[in-house]
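> with the sequence up front, the predicted model follows.
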Amino acid sequence: MENKEMWTIDELISLTNTVQSAEIEYQGKILPIQWCELTESEEPKISMPLDGIDETQHYAEIASQRMLAMLKKANELSPESKTLDEESWHMLPTTLRWSISNTVMTTNNSKESDF
């Protein structure tokens with residue numbers, strides 16, 4: 001029988017103030033990134049798409065806002081390690097943005113994205 005390690009509530013809460021980092025490989029070069037988990041109150045407000053609005057685009061924008069909030073929080077906690085901000089996020093190639101989002105939103109227990 002495998003002995004599984006259990007989270008404590010304090011450990012889980014501390015994740016919302018812990019800057020996490022990773023390196024993204026993109027076209028043969030490395031981009032270091034940092035992010036921080038959000039609490040419910042820090043999450044972007046989600047609304048239902050209005051009639052006539054493309055749902056896919058609507059939810060992609062919500063995911064982008066969530067990523068920006070996670071990047072911004074990490075940048076505030078660790079400004080010396082900042083590589084991305086809101087201005088640069090909007091100017092990145094879309095394929096790189098998806099790669100970053102997938103890295104941040106994917107858990108160790110799953111290959112599926114969180115959005």
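Everything's here; your move. Numbers count the residues shown, from 1 in each chain.
> what's the helix-or-strand element of the chain with minimal mean pLDDT in contact with?
Within the chain, confidence by mean pLDDT, DSSP states H and E is lowest for helix 55-77 among all helices and strands, at a mean of 88. With Cβ atoms under 8 Å, 6 or more residues apart in numbering as the test, helix 55-77 has contacts from 17, 19-20, 33-38, 42-44, 46, 49, 81-82, 84-86, 89, 97, 100-101, 104-105, 115. No exception for glycine: its C-beta is placed from N, CA and C like everyone else's.
> show me which of those residues are buried.
33-38, 82, 84, 89, 97, 100-101, 104-105 (16 or more other Cβ atoms under 10 Å).
> follow-up on the earlier one: which ones among the contacts of helix 55-77 are found in strands?
Taking DSSP state E, the ones among the contacts of helix 55-77 that sit in strands are 19-20, 33-36.
> skip the chain neighbours and tell me the closest residue to residue 83.
The shortest distance from residue 83 to any non-neighbouring residue, by Cβ to Cβ, 6 or more residues apart in numbering, is to residue 32 (5.6 Å).
> in the least confident helix or strand of the chain, what counts as buried?
Of the residues in helix 55-77, 60, 62-64, 66-75 count as buried by neighbour count, 16+ other Cβ under 10 Å.
> contacting residues for residue 78?
Contacts for residue 78 (Cβ under 8 Å, 6+ apart) come out as 19, 34.
> that's a strand at residue 30, yeah?
Yes: residue state for residue 30 (DSSP: H, G, I helix; E, B strand; the rest coil) corresponds to a strand.
> how far away is it from residue 72?
Taking Cβ to Cβ, to the nearest Å as the measure, residue 30 falls 22 Å from residue 72.
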